[in-house]
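Undergrad: predicted coordinates and the sequence they were generated for:
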Amino acid sequence: MAEIIIVRDNIEAGNIAASILLKQITAVPDTVLGLATGSTPLSTYAALSRSLRHADLDLSCVRGFALDEYLGVPPQHPESYRSVISREVVEPMGLDPNRVFTPRGTGSNIEEAGNEYEEMITAAGGIDVQILGIGSNGHIAFNEPGSSLASRTRIKALTAQTRSDNARFFDSLDEVPTHCITQGLGTIQEARHLLLLAFGANKSRALAAAVEGPVSATIPGSIIQLHPHVTVIVDEEAAAELTGSEYYRQASQAAAGIALSGVLA
């Protein structure tokens, strides 16, 4: 079962997630991070950036791979995920931009871009910690409902719901791309640690289905139930439909107590 941590708000969640990532980078200087975009991971990136400014760490070997990219959107576009990752992760954290990658969404032989990205991840030794959000329809990365649980990085059509959810980043819904290239569910499952974040009441139904419902392509996020190392950090609103919330709180408190006793011993 995933470790599920219920917190007050996204700021507290970001601080906890950042501490997990900082511990990983400190222990493994050439850590490979899996990077999500959208509004969900912003508090995590902000908290990690603050922590890194006060930590005496060499970040020159840290690498990163974004989950996805819009198809047909040039890298220099302000809402391409290449631009978003540069703006929200690479620059604030002081990472080497040449060691942070997004799937190729433009250029010739675009049908080969998925295989190219898979090869890059494999050459890097795989992803150590994959940051994830979850869509209101249960998607993770851009694996929409119905995606194969064994899928690899590939081109996908975006649902009307996902395009509507992402319209806030564009001037109009018409400007939101209709297709993307995304890491597959099988690709995501190969990361050594999954770190899923969810905030707000509009995520509560999808989160409950992903964490407590049957594993199904209808809720792509449910694939996390099959992973051996998952941390889920959610606010009270997102946790509202979790039937096991009382147990998750008790388990989190017990784990924190064990960790603290180890520090004080």
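TA: That came in fine, so what should we check first? Numbers count the residues shown, from 1 in each chain.

Undergrad: list the contacts for residue 1?
TA: Contacts for residue 1 (Cβ atoms under 8 Å, 6 or more residues apart in numbering) come out as residue 225. To be clear about C-beta, it is placed using only N, CA and C from the backbone, and glycine gets the same treatment.

Undergrad: equivalent analysis for residue 74, please.
TA: Residue 74 touches 80, 106, counting by Cβ under 8 Å, 6+ apart.

Undergrad: okay, now residue 5: neighbour count?
TA: Residue 5 has 21 neighbours, counted by other Cβ atoms under 10 Å.

Undergrad: which ones are touching it?
TA: Neighbouring residues of residue 5 by Cβ under 8 Å, 6+ apart: 13, 16, 231, 232, 233, 234, 248, 252.

Undergrad: please redo it, this time with the cut-off set to 10 Å
TA: 12-13, 16-17, 231-234, 239, 248-249, 251-253, 255-256 (Cβ atoms under 10 Å, 6 or more residues apart in numbering).

Undergrad: pLDDT of stretch 132-141, averaged?
TA: For stretch 132-141, mean pLDDT is 96.

Undergrad: so residue 85 sits against residue 38, correct?
TA: No. Using Cβ atoms under 10 Å, residue 85 makes no contact with residue 38, being 11.4 Å away.

Undergrad: I figured residue 240 hits residue 207, correct?
TA: Yes. With contact defined as Cβ under 10 Å, residue 240 counts as touching residue 207 (9.0 Å).

Undergrad: re earlier: restricted to strands, list the contacts of residue 5.
TA: 231, 232, 233, 234 (DSSP state E).

Undergrad: in the sheet, who's paired with the first one?
TA: In this case it means residue 231. Beta-bridge pairing for residue 231 (DSSP bridges): residue 3, residue 195.

Undergrad: pretty sure it contacts residue 193?
TA: Yes. Between residue 231 and residue 193 there is a contact at 7.1 Å, judged by Cβ under 10 Å.

Undergrad: okay, and the common contacts of these two?
TA: 20, 129.

Undergrad: rewinding a little: what's the closest of the ones in strands among the contacts of residue 5 to residue 141?
TA: Ranked by distance to residue 141 (Cβ to Cβ), those are led by residue 232 at 16.0 Å.

Undergrad: quick one on the thing from earlier: who touches both of residue 85 and residue 38?
TA: residue 67.

Undergrad: quick one: which of these two has more around it?
TA: Higher neighbour count among residue 85 and residue 38: residue 85, with 25 against 17, using other Cβ under 10 Å.

Undergrad: can you give me the pLDDT of that one?
TA: At residue 85, pLDDT is 97.

Undergrad: who's in contact with it?
TA: Residue 85 makes contacts with 35-37, 45, 64-67, 69, 91, 95, 97, 100-102, as judged by Cβ under 10 Å, 6+ apart.

Undergrad: contacting residues for the residue lying closest to residue 138 once chain neighbours are set aside?
TA: Of all residues not flanking residue 138 in the chain, residue 219 sits nearest, at 3.7 Å (Cβ to Cβ, 6 or more residues apart in numbering). Going by Cβ under 10 Å, 6+ apart, residue 219 touches 134, 137-140, 145, 205-211, 213.

Undergrad: return the backbone torsion pair for residue 219.
TA: Backbone torsions of residue 219, given as degrees, to the nearest 10, read phi -120, psi 90.

Undergrad: that one bridge partners, please.
TA: Applying DSSP bridges, one finds that residue 219 bridges with residue 216.

Undergrad: so what's residue 176 closest to, chain neighbours aside?
TA: Nearest non-adjacent residue to residue 176, counting by Cβ to Cβ, 6+ apart: residue 163, 4.5 Å away.

Undergrad: what comes up buried for the strand or helix carrying that neighbour?
TA: Using DSSP states H and E, residue 163 falls within helix 160-166. Neighbour-count burial for helix 160-166, with 16 or more other Cβ atoms under 10 Å as criterion, is recorded at 162, 163, 165, 166.

Undergrad: and the furthest pair within those?
TA: 163 and 165 (7.3 Å).

Undergrad: need the overlap of contacts for the two.
TA: Common neighbours of residue 163 and residue 165 (Cβ under 10 Å, 6+ apart) are residue 176.
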